[in-house]
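Chemist: my questions concern the predicted model and sequence given below.
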Amino acid sequence: MRAVCLLPVVLLPLLAACSDDGIFGIGDSDFEGFYSYAGTVDDAAGDAVVGTITVTRQRGSTALVSIQWTYLDNGEPIIEITTDSPAVADLGPDGLIEFEFEGNLFMDEQVVTFSLYHEGRLRGRTMTGFWDFTTGLPTDDAGSFTARRD
């Protein structure tokens, strides 16, 4: 009789874990937080990218992502992007995360439309992957990044 009384108490947490918001899905709040970001630039010795990523409101297979991203040319900032509103990230059950920011920058004395795309994997407190920065100018770049949750 005692085992029957304990069974529902034991099963409730397990059933909750199987839901969209449990440990078997990406809905767990494990990935939410503030990440310090650093990356490399392909084919550009001395260039780097630095900044922060903030993941919030993770639910099921989506989350909101904000970024503060700076492209450094030999230590000097030449492009700075800070999101006005978050992008929606798509999260896969294996930790795959994808998100893209689009907007306008003032570059070379003109307004330029850009896309800053990220694809990576979330594992524990670390996100790794690649980024791609695209404009209508010959300033398109790509590279890899690592972001660690503080």
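Modeler: Received it, and whenever you're ready, just let me know what you need.

Chemist: how close does the residue nearest to residue 84 when sequence neighbours are not counted get to residue 72?
Modeler: The shortest distance from residue 84 to any non-neighbouring residue, by Cβ to Cβ, 6 or more residues apart in numbering, is to residue 103 (7.6 Å). (C-beta placed from N, C-alpha, C; glycine too.) Distance, residue 103 to residue 72, by Cβ to Cβ, to the nearest Å: 20 Å.

Chemist: likewise for residue 38?
Modeler: Taking Cβ to Cβ, one finds residue 38 at 10 Å from residue 72.

Chemist: what does residue 63 give?
Modeler: As judged by Cβ to Cβ, residue 63 and residue 72 stand 27 Å apart.

Chemist: now do residue 84
Modeler: Residue 84 is 22 Å from residue 72, by Cβ to Cβ.

Chemist: those two: which is more packed in?
Modeler: With neighbours defined as other Cβ atoms under 10 Å, residue 84 and residue 72 compare such that residue 72 has more, 16 against 7.

Chemist: just the buried positions in the helix or strand where the more buried one lies, please.
Modeler: Element membership for residue 72 (DSSP states H and E) is strand 62-73. Using 16 or more other Cβ atoms under 10 Å as the test for burial, strand 62-73 gives 63, 64, 65, 66, 67, 69, 70, 71, 72.

Chemist: touching it from outside, list them.
Modeler: 31-32, 37, 41, 44, 46-58, 77-83, 86-91, 97, 99, 101, 116, 133, 141 (Cβ atoms under 8 Å, 6 or more residues apart in numbering).
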